[in-house]
Every structure is written in structure tokens, then in C-alpha cells.
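Asker: with the input below, show me the fold.
(one chain, ligands or ions: 1)
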Amino acid sequence: MSDLLIDTLSVSYGRRKVIDNLTVEHIAEGKVTTLLGPNGSGKSTLLKAMAGLTPSVGKVMFEGKDLLAAHFSERAKQVVYLPQSLPASVHLRAFESMLVARKASDNQSTEEVIDEAMELLRKLGIENLGMCYLDQLSGGQKQLVGLAQALIRKPKILLLDEPLSALDLNHQFHVMEMIKQETRERNIITVIVLHDINIALQHTDYVLMLKNGHLITSGIPDQVITPEVLAEVYGVKGRVEHCSQGKPHVMIDGLVNAH
Ligand SMILES: Nc1ncnc2c1ncn2[C@@H]1O[C@H](COP(=O)(O)OP(=O)(O)OP(=O)(O)O)[C@@H](O)[C@H]1O
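Answerer: Predicted coordinates:
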């Protein structure tokens with residue numbers, strides 16, 4: 001088993017502690033773990049700290065080693081972080097940008113990488129975008145190419161910060177199913193920041209609920225996402241209903257402190 005352990009991790013910006021002594025005992029491989037929490041609760045900061053992209057105190061243990069103590073180049077072979085902001089609008093074709101992303105991380109032959117890039121574009125349903133320039137793509141198309149760039153690097157730990165934010169309903173569903181499938185097939189650790197609690201309920205395996213830099217609760221989505229937790233973390237009056245197919249769905253009726 002190569003689960004991930006976050007051990008007493010803290011991150012501060014100046015004198016302000018944004019992640020406060022946070023421990024997560026295991027983030028499982030082959031599963032999609034969602035990081036949920038209100039705006040400003042520290043989700044992006046936590047992902048960046050796990051990728052070693054922002055200074056932190058504490059450990060992130062993987063395969064018996066502290067990832068944060070590893071050299072940047074070693075860590076970059078294992079961990080890929082896809083930021084919230086869309087990929088830079090460089091004048092490079094989407095397909096070329098994938099080859100560059102992959103070539104930066106290993107020396108596989110160009111033919112093999114080309115085959116893998118084609119396959120990933122096909123799985124994402126964007127083969128038609130391969131020859132398009134990044135700076136001519138829409139926001140959602142750029143987001144899909146960003147995901148293709150992340151996946152082609154074959155990380156053992158995939159950290160995705162709001163990868164659905166620019167996607168339509170069809171692509172949100174398709175991408176979540178693909179992320180789940182790739183996570184299972186590659187047996188990797190995927191941690192994904194989401195705001196849509198229903199997507200977390202329906203598509204992901206485990207939830208970490210953050211508030212003010214603290215882990216409030218964690219577990220299987222339909223055990224963690226309860227009216228009590230929704231009130232405590234988001235300040236909303238929520239109900240968990242089950243549809244005719246038995247799937248849970250959150251409905252929000254109002255705000256806890258509404259007058
Ligand atoms: N570079 C920075 N310098 C100073 N403060 C920062 C910086 N980045 C984030 N913060 C602050 O840290 C806190 C956590 O921010 P973070 O982006 O991690 O939250 P988040 O949970 O991802 O929020 P959102 O859901 O709105 O994206 C916020 O109060 C934010 O203002």
C-alpha cells in the first residue's frame with residue numbers, strides 16, 4: 001500500500017496561519033479524495049503545500065519518505081499539481097504542449113509519447129483540439145487540455161484544484177468519470193478541490209472537509225456530508241435527499257443565520 005500521510009502540516013502567509021497543524025492519516029491510492037470547504041478555508045494552499053510549491057512546516061509521507069524533504073526534481077516526478085488558473089495562453093498547439101509536459105518528466109521515445117497523447121485526448125473527447133493553439137481555445141477547452149497535460153506526466157499523486165470550474169454539465173460528468181477511471185487503473189492518489197458538493201457525493205470516494213485551515217471531518221462522502229456538517233462548515237440549511245435511483249443529493253433551503 002502506498003497511501004499518503006499528511007503529518008502536522010502548517011502553512012503561514014506572513015504571520016497568518018492558513019493551514020494549522022493538519023494531519024490526515026491516510027489518503028488512499030486508487031481512490032479520488034475530495035477537498036471541500038468554504039472560500040478561503042485553505043484548500044488551494046493545502047494542495048500547493050502538498051506539492052511543495054509553498055513553504056510549509058510538517059511532513060507529507062509517501063512510500064516511506066517525506067515528499068517535502070525530497071529534491072524538487074524528484075518530487076516533480078511523483079506529484080503533479082494542476083492549478084485553479086487556466087494554463088498560460090502560449091502560442092503552442094495543445095498536442096505540442098502535452099509532449100513538452102511529458103518530455104520534461106521522462107525520456108520515453110517520442111513515438112510512444114505521441115501515442116499516449118493521442119489516447120488521452122481521445123479519452124477526454126478532445127481529439128479535435130490537438131492541433132489548435134492554446135491561445136485560441138475557450139476557457140473550458142483550456143481546462144481540458146490542462147488536465148491532459150497533467151495526466152500525460154503520469155504522476156503517482158495527482159492534485160487538481162477546481163478542474164471543473166470552466167466546464168459545462170456534460171464535460172463535468174465526463175471528466176469526473178475519467179478521473180475516477182484513471183485513478184483506479186493507474187492506482188494513483190488523486191486529490192481534487194471541488195465546490196459542488198453533489199459532484200463530490202456522486203463521483204468521489206472520500207471527503208476531507210476543511211474550515212479555517214482545520215480538518216473538520218473526513219470519510220465516505222455520504223457519511224460526511226450531513227445537514228449538521230453543512231450547517232457547521234458552510235452555514236447553510238441543507239437536506240440530503242435520495243433520488244429515485246437511490247443516489248444522495250443535497251438541497252439547500254436557506255442560510256443558518258438568515259433573518
Ligand atoms: N499568496 C498569498 N498570500 C497571502 N495570503 C494568501 C495567499 N494565498 C492565499 N492567501 C490567503 O489564505 C487563505 C486561504 O486561501 P486558499 O486560496 O488556500 O483558500 P481556498 O479554500 O482555496 O479558497 P477558494 O475556495 O476561494 O478558492 C485566504 O484567506 C487567502 O486570502
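Asker: get me the contact residues on the protein for the ligand.
Answerer: Selection of the chain residues close to the ligand by C-beta under 6 Å from any ligand atom yields 13, 18, 37, 39-45. To be clear about C-beta, it is placed using only N, CA and C from the backbone, and glycine gets the same treatment.
Asker: out of those, who's the most crowded?
Answerer: Lys43 (26 neighbours; other C-beta atoms under 10 Å).
Asker: hmm, back to that, and which of the residues of the chain next to the ligand is nearest to Val240?
Answerer: Val240 has its nearest neighbour among the residues of the chain next to the ligand in Gly37, at 18.0 Å by C-beta to C-beta.
Asker: and the closest residue to that closest one other than its chain neighbours, what is it in contact with?
Answerer: Spatial nearest neighbour of Gly37, excluding adjacent residues (C-beta to C-beta, 6 or more residues apart in numbering): Leu210 at 3.5 Å. By C-beta atoms under 8 Å, 6 or more residues apart in numbering, the contact set of Leu210 is 35-37, 41-43, 46, 216.
Asker: over to Glu232?
Answerer: 211, 216.
Asker: that one in helix, strand or coil?
Answerer: Using DSSP: H, G, I helix; E, B strand; the rest coil, the structure places Glu232 in helix.
Asker: pLDDT wise, what is it at?
Answerer: For Glu232, the model assigns a pLDDT of 96.
Asker: against the ligand, how distant is it?
Answerer: Plainly put, Glu232 is 16 Å away from the ligand if you go by C-beta to the nearest ligand atom, to the nearest Å.
Asker: what distance do you get for that residue to Ser97?
Answerer: 42 Å (C-beta to C-beta, to the nearest Å).
Asker: same question for Gly235.
Answerer: The spacing between Gly235 and Ser97, counted by C-beta to C-beta, is 41 Å.
Asker: where does pLDDT dip in the stretch 151-259 of the chain?
Answerer: For the stretch 151-259 of the chain, the stretches with pLDDT under 70 are 259.
Asker: how about the strands in it?
Answerer: Along the stretch 151-259 of the chain, counting by DSSP state E, counting those that start in this stretch, strands occupy 157-161, 189-193, 206-211, 214-219, 236-242, 248-255.
Asker: just say which of those is most tucked in.
Answerer: Counting by mean count of other C-beta atoms under 10 Å, strand 189-193 has the highest mean neighbour count of these, with a mean of 25.
Asker: what's the angle from that strand to strand 157-161?
Answerer: For strand 189-193 against strand 157-161, the angle by axes from the mean of the first three to the mean of the last three C-alpha atoms, to 10 degrees is 10 degrees.
Asker: circling back to that earlier point, in strands only, show me the residues of the chain next to the ligand.
Answerer: Using DSSP state E, the members of those that fall in strands are 13, 18.
Asker: restricted to helices, list the residues of the chain next to the ligand.
Answerer: Assignment to helices by DSSP state H places the following of the residues of the chain next to the ligand there: 43-45.
Asker: and those as a markdown table, adding pLDDT and distance to Asp115?
Answerer: A markdown table is the format used below for those (pLDDT from 0 to 100; distance: C-beta to C-beta, whole Å):
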| residue | pLDDT | distance to Asp115 |
| --- | --- | --- |
| Lys43 | 98 | 35 |
| Ser44 | 97 | 34 |
| Thr45 | 98 | 37 |
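Asker: run through the bridge partners of Tyr13.
Answerer: Beta bridges link Tyr13 to Arg16, judged by DSSP bridges.
Asker: so how far is Asp196 from it?
Answerer: Distance, Tyr13 to Asp196, by C-beta to C-beta: 27 Å.
Asker: same question for Leu255.
Answerer: Noted for Leu255: a distance of 18 Å to Asp196, by C-beta to C-beta.
Asker: tell me who's in contact with the residue nearest to Val100 when sequence neighbours are not counted.
Answerer: Once flanking residues are discounted, Val100 sits nearest to Leu92: 7.2 Å by C-beta to C-beta, 6+ apart. Listed by C-beta under 8 Å, 6+ apart, the contact set of Leu92 reads 100, 133-134.
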